[in-house]
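Participant: sequence unknown, structure follows:
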């Protein structure tokens, strides 16, 4: 919230809450995976060494600490000018401005994969949140400096896929059920 211009001080607590929620989900997911691996191990069908949740955190810390050094080493390599332009861009792959929207594509892809999901299983609250997030952040991505086209594209996609599912759900709940 402090690194982008215009600064958005309300964004900081939202990011903090979002990061806490995501880390909690990550922990729960890794814990579940480890439990499943242990069950498979006990049945004699799985691997013998479950991954530790600390392994993922160690990798993130390593990449964060050595990102700038890695960028300077990569920039010394021979490469086309277009690739060099992408790598040095303020929203390039050596910044969080690149990776946050890149991983956010998973939400849009997930929504696309649920294209034919039964309407009864579609969550109104979830699709409302995804739709609103997509519309709000697509506008904000064009206002911040550096302009982040990846963030814009992922949020337009999220708004469209969320709107599609939301319209399907509302049509089913309020039009078809009344008839």
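Facilitator: Happy to help now that I have it. Fair warning: this is a prediction, and the values are worked out from it, not measured in the lab.

Participant: Least confident secondary structure element in this protein?
Facilitator: helix 53-75 (a mean of 67; mean pLDDT, DSSP states H and E).

Participant: And residue 115, how far from residue 160?
Facilitator: 12 Å (C-beta to C-beta, to the nearest Å). Heads up, the C-betas are built off the backbone N, CA and C, glycines and all.

Participant: Who has more neighbours out of those two?
Facilitator: Set residue 115 next to residue 160 and count neighbours by other C-beta atoms under 10 Å: residue 160 wins out with 16 against 10.

Participant: does the more buried one count as helix, strand or coil?
Facilitator: helix (DSSP: H, G, I helix; E, B strand; the rest coil).

Participant: All the helices of the chain, in order from the start?
Facilitator: Ranges of helices in the chain, per DSSP state H, are 11-43, 53-75, 81-88, 96-113, 124-141, 149-171.

Participant: Any stretches of the chain with poor pLDDT?
Facilitator: 1-12, 14-15, 17-18, 20-21, 46-68, 179 (pLDDT under 70).

Participant: residue nearest the centroid of this structure?
Facilitator: residue 104 (2.6 Å; C-alpha atoms, centre = their mean).

Participant: Surely it and residue 158 touch.
Facilitator: Yes - Residue 104 is within contact range of residue 158, at 7.2 Å (criterion: C-beta atoms under 8 Å).

Participant: that older thread, so which of the helices of the chain is nearest residue 177?
Facilitator: helix 149-171 (9.8 Å; C-beta to C-beta).
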